[in-house]
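[1] no sequence for this one, just the structure:
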């Protein structure tokens, strides 16, 4: 899509992480009950503050003061379904950045319809895996301004005319439930303090991927990996970022 | 009930585990919000894929392509209650194995009624603790073809004319929430790749119990035990299975 | 408010903990889906038994036999909202102690109304952070008999004419989601076996804070801290309690 990939430098990532830690943005998450706990813990490790109300009678009160909003369809129920238009309305009125995680959209016409509703909103960033993002291609072609973040062995951030790749992480990240969902929340946390969504997503996924690499060196399996990942994210410093980003595999413009 | 217990050999267990790891069956779980995370992580450690949608408008879409279905009543709500007949219908139409976990049925007439509804389905395997299973005795006598799995210090798998005991595990398994619920999901994962439900349940509980024994050797309490259990399950190999199964206490036909 | 703080001695705390471990009180928790798992694990580590049904058709059946009830508003939904009057009614009829955790009440008029409903009940103990408790001041002035537990760097337990401070814990406790919610459940567990609510809350928060101190010595970050906290709580003994309580910072009557 784009001719050349942008490059993200370690000082930009460190600057965004420092802003998150200093401003402590509250991220309001309508997210699935499987991933709520690990998502909240990753946000706290990042220095952000999670809130997770979903009752239609109060979700607007919670979202109104948030610095970013996450909508994750993982275990969407009727109340969550009714909360979505409330969240979209608040995001539009107050110009709050919105991140959408279309979990398992390939299995569910309901979810495909809900994604369509959210994409009709402004300033949407979508984070999914390759299967989810491929399922949404027809919708993206109607909304080419959507920022699309496809995570995998190499994470790929794309807009109509920009592209950025992140080549950090470890395969154990796919062996722990909710780690993809948590990455969407970290993207929202960076987007809360950084107006450029491509750079924000790149910073979040770089930090998360590097924390994953560190955690994998300490882990005996997916259980201890999940624990070490939270530790690594909470203690990530600019020197480590710089050293790990310098050592990353070099990627060209891969599909 | 049965005269002689069947014996399960290590190569059968290893073969079933290898099939799970190779085929990566998706297990659709309608399960309680307390145990969802640990259940998903145990399934991933086993090589299976969890999905947990419960919205009545999409639960059928999710279950239709699953290799096994788990219904756990732990925190059943109105939507989950409405999802149950959908899951039963899909299981019948597509002949998908169904595992039922009747959490705390002794406290709730609602749950007793829901178990009755599920037992009216075909090919049901019920996994519970001694209290739960005793509460269901009257229902089982109406449906003698039900495969009954009672877990405890010794796990007991019974049908009208067969019985199998599994004497692995560790008492710390009763000190961590959701580990019983997760065992039901592992039984479903083995049932997805093994048509004999007695052998499938035996393989799942043997592997899980042995992982529990290994984890207990590394743990300083229930917190580190839960982490080590996921690690041990994810890294369990045929040699370890064989060595541990050879060393197991020998059990006769205990009630 | 009070002139002099009460002092809690190690043998009282040890006695209450021993009663919890011996009687194994069941604590029925209507609590948020983010904190359910860690709450259940902390209760189990303490020797208590968690149950978490919330379906309006069965919540009364579950609460009726419980030794204490916890209402936490963290992710309250419509069904949970309908369960609250059922829980209040059972608590009144059977004189079951009730602990309320008004999570994020400062963000939500709905939650403020629900707290008002619960405070109209008898024998209520409220546990919150400083912001939550300040938001409830007008309600407390209408119900001066409410036992108010404000947790933070120093925990503060207050009634109309009594006060007790607990100066244990570690700052990592604020970096893990659900640990405040879990503390409310531990207060409920101690209240189940100790009729004096001030002493019960003091014992729970002392044990929890000391477990936090021990865990912090073993942790590399918030992930390993959460794991070590469960281990430390499960293995806390009277000697450790005594040594740590003797070494605690001394506090006067702080606001």
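    Looks like it arrived, so ask away. It should be emphasised that the depicted structure is a prediction, and the values quoted were computed from it without experimental measurement. Residues are numbered from 1 along each chain as shown, chains lettered A, B, ... in the order given.
[2] with residue A:48 as the reference, measure out to residue A:66.
    Counting by C-beta to C-beta, to the nearest Å, the gap from residue A:66 to residue A:48 is 10 Å. Glycine gets a C-beta too; all of them are placed from N, C-alpha and C.
[3] so what sits against both of those two?
    Residues touching both residue A:66 and residue A:48 (C-beta atoms under 8 Å, 6 or more residues apart in numbering or on different chains): A:25-27.
[4] now stretch A:122-137: mean pLDDT?
    For stretch A:122-137, mean pLDDT rounds to 94.
[5] give the buried residues for that stretch.
    A:123-129, A:132-133, A:135-136 (16 or more other C-beta atoms under 10 Å in any protein chain shown).
[6] distance from the chain centre to it, please.
    11 Å (C-alpha atoms, centre = their mean, to the nearest Å).
[7] what about it, start to end distance?
    End-to-end distance of stretch A:122-137 (C-alpha to C-alpha, to the nearest Å): 18 Å.
[8] distance check, residue A:112 against residue A:148.
    Taking C-beta to C-beta, one finds residue A:112 at 16 Å from residue A:148.
[9] more neighbours: which of those two?
    residue A:148 (23 against 17; other C-beta atoms under 10 Å in any protein chain shown).
[10] the nearest residue to the more buried one once chain neighbours are set aside and chain C, how far apart?
    Leaving out its chain neighbours, the residue that sits closest to residue A:148 by C-beta to C-beta, 6 or more residues apart in numbering or on different chains is residue A:158, at 4.9 Å. Distance of residue A:158 to chain C, given as C-beta to the nearest C-beta, to the nearest Å: 32 Å.
[11] residue A:158 pairs with what?
    Residue A:158 forms beta bridges with residue A:148, residue A:163, as assigned by DSSP bridges.
[12] who's in contact with residue A:17?
    Contacts for residue A:17 (C-beta under 8 Å, 6+ apart) come out as A:46-47, A:190, A:203, A:207, A:236, A:241.
[13] helix or strand for it, which one?
    Per DSSP states H and E: residue A:17 is located in helix A:10-23.
[14] is the residue of the stretch 1-150 of chain A found nearest chain C in a helix, a strand, or coil?
    Relative to chain C, the nearest point of the stretch 1-150 of chain A is residue A:40 (3.6 Å; C-beta to the nearest C-beta). Look at residue A:40: counting by DSSP: H, G, I helix; E, B strand; the rest coil, its state is helix.
[15] residue contacts, it?
    Residue A:40 makes contact with A:29, A:50, A:52, C:34, C:177-178, according to C-beta under 8 Å, 6+ apart.
[16] how about the residues of chain A by chain C?
    Counting by C-beta under 8 Å from any C-beta of the partner chain, the positions of chain A adjacent to chain C are A:33, A:36-37, A:40-41, A:44-45, A:50-55, A:57-58, A:61-62, A:65, A:79, A:226-232, A:234-235.
[17] only the buried members of the residues you listed: can you turn that into a ChimeraX selection?
    Applying 16+ other C-beta under 10 Å to those, the buried members can be selected in ChimeraX as follows:
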select /A:33,36,37,40,41,44,45,50,51,52,53,54,55,57,58,61,62,79,226,227,228,229,230,231,232,234
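[18] what is the neighbour count of the residue nearest to residue A:187 when sequence neighbours are not counted?
    Excluding its sequence neighbours, the residue lying closest to residue A:187 (C-beta to C-beta, 6+ apart) is residue A:204, at 4.4 Å. For residue A:204, the count of nearby residues is 31 (other C-beta under 10 Å).
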